[in-house]
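J.: sequence-free structure coming up:
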């Protein structure tokens, strides 16, 4: 993030120097990535207010899947990795996943891991690696793009799971 001149808002940088930009209007609530071409004429839609969100104690429930017909679901490659507490590789793999449901993704991963470990669905925790080496928990449905998704796996109650922090979005 880059602090604005007012020091009350920030520009959120993206790969390659572009910034996150709100698309505005009630019918278009998405965000896109845009380049700043003229520093004296920057869109207000690129300014974001940062708020501190407290952490919650436990993982929030995953959103339930919605029933869409299979031809309407987009596919993507999922690459996963599970390491032990010392960082050694336990297993890794990849597969084609159809849809965006994080709930269904966890179910498929549990089925793949069952030959190695007796595991119930809620015990498997998924996350995304970040550039600074932290682990970011995956608790929302996947993005609509079909890009390959790299995720890490951990088991509830392990030291790696204890290090994860979940945002309490309902806090006031």
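T.: Here it is on my side, so go on. Owing to the predicted nature of the structure, the values given are computational and were not obtained by experimental measurement.
J.: drop to CA atoms for contacts and neighbour counts, all remaining ones
T.: Noted.
J.: domain assignment for this protein?
T.: Taking automatic domain parsing as the criterion, the chain consists of the domains 2-48, 68-167.
J.: Quick check: end-to-end length of the first one?
T.: Same thing as domain 2-48. Counting by C-alpha to C-alpha, to the nearest Å, you get 10 Å between the two ends of domain 2-48.
J.: which strands and helices sit next to the helix or strand bottoming out on mean pLDDT in the chain?
T.: Across the helices and strands of the chain, mean confidence by mean pLDDT, DSSP states H and E is lowest for strand 2-3: a mean of 78. Where contact means 3 or more C-alpha pairs under 8 Å, 6 or more residues apart in numbering; DSSP states H and E, strand 2-3 is packed against strand 10-11.
J.: circling back: using JSON lines, please lay out the domains of the chain together with distance to residue 60 and mean neighbour count.
T.: As requested, the domains of the chain are exported to JSON lines (distance: least, C-alpha to C-alpha, whole Å; neighbours: other C-alpha atoms under 10 Å):
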{"stretch": "domain 2-48", "distance to residue 60": "24", "mean neighbour count": "13"}
{"stretch": "domain 68-167", "distance to residue 60": "7", "mean neighbour count": "15"}
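J.: weakest of these by average pLDDT?
T.: Sorting the domains of the chain by mean pLDDT places domain 2-48 lowest, at a mean of 78.
J.: Check the offset of that one from the chain's centre.
T.: 21 Å (C-alpha atoms, centre = their mean, to the nearest Å).
J.: Assumed residue 103 was part of a helix.
T.: Yes - note on residue 103: a helix contains this position according to DSSP: H, G, I helix; E, B strand; the rest coil.
J.: so it sits right up against residue 61, yeah?
T.: No - counting by C-alpha atoms under 8 Å, residue 103 sits too far from residue 61 to count as a contact (9.3 Å).
J.: Helices along the chain, start to end?
T.: For the chain, the helices defined by DSSP state H occupy 102-113, 159-163.
J.: for residue 12, what are its contacts?
T.: 1, 2, 19, 20, 46, 47, 48 (C-alpha atoms under 8 Å, 6 or more residues apart in numbering).
J.: Tell me how far the first one lies from residue 36.
T.: Here the criterion is C-alpha to C-alpha. By it, residue 1 lies 14 Å from residue 36.
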